[in-house]
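[1] model this:
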Amino acid sequence: MTSITAVQAAAHERLAGLPDLPNTAWPNVKADGVTPRYEVYDGPVLSRAVSLRGSTSSTLLLQVDVVVEAGLGPNKMRDLVQPVLDLFPLNQDLGDARVSGPASIGGYRQEDTEYRCSITIPYRLLKGSPP
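    So this is what the prediction gives:
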């Protein structure tokens, strides 16, 4: 059986391997004030599917919010978003999981002093069911 926690750790490890990783809040911790930064959130288990062979698999989400100071413009945001998209292409292995769909950009949001973009990466456990 595969531990969801172990798979989430593999996804975090992959992100942490970025050569120019900005300040990062791991996981589910909001880090106000320091920009640019990534904020990492582990989403809930979305679904459990039963295959024809009777095994189950679960779909999970990893969300990475990219945060830059307001006024830096879209180029700085793109410079931080694209490496995350490149790290998690469709079918990328994450230990006992695999990216199951394209990463999606949830839009750009202006906040008081920051500009934020959310990236959502779906991935599916490959073996067994989570404990």
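[2] what packs against the longest strand seen in the chain?
    Counting residues, the longest strand found in the chain (DSSP state E) is strand 56-69. For strand 56-69, the contact count by 3 or more CB pairs under 8 Å, 6 or more residues apart in numbering; DSSP states H and E identifies helix 4-16, strand 37-42, strand 47-50, helix 74-87, strand 114-125 as packing neighbours. From N, CA and C alone the C-beta is placed, and that goes for glycine too.
[3] give me the helix or strand of this structure that scores worst on average pLDDT.
    Within the chain, judged by mean pLDDT, DSSP states H and E, the helix or strand with the poorest mean is strand 47-50; its value is a mean of 60.
[4] any idea how far the residue lying closest to residue 110 once chain neighbours are set aside lies from residue 97?
    Residue nearest to residue 110 in three dimensions, not counting chain neighbours: residue 70, with 6.5 Å by CB to CB, 6 or more residues apart in numbering. Using CB to CB, to the nearest Å, we find residue 70 at a distance of 35 Å from residue 97.
[5] show me which of these two is the more surrounded one.
    residue 97 (25 against 13; other CB atoms under 10 Å).
[6] returning to what we had before: residues contacting the residue nearest to residue 110?
    Residues in contact with residue 70 (CB atoms under 8 Å, 6 or more residues apart in numbering) are 110-115.
[7] at 7 Å what do you get?
    Applying CB atoms under 7 Å, 6 or more residues apart in numbering, one finds that residue 70 lies in contact with 110, 113-115.
[8] and the pLDDT at it?
    Residue 70 is assigned 85 on the pLDDT scale.
[9] can you check the one 3 residues further on too?
    According to the prediction, residue 73 has pLDDT 70.
[10] what about it, how many residues nearby?
    10.
[11] for residue 20, same thing?
    Number of residues near residue 20 (other CB under 10 Å) recorded here: 7.
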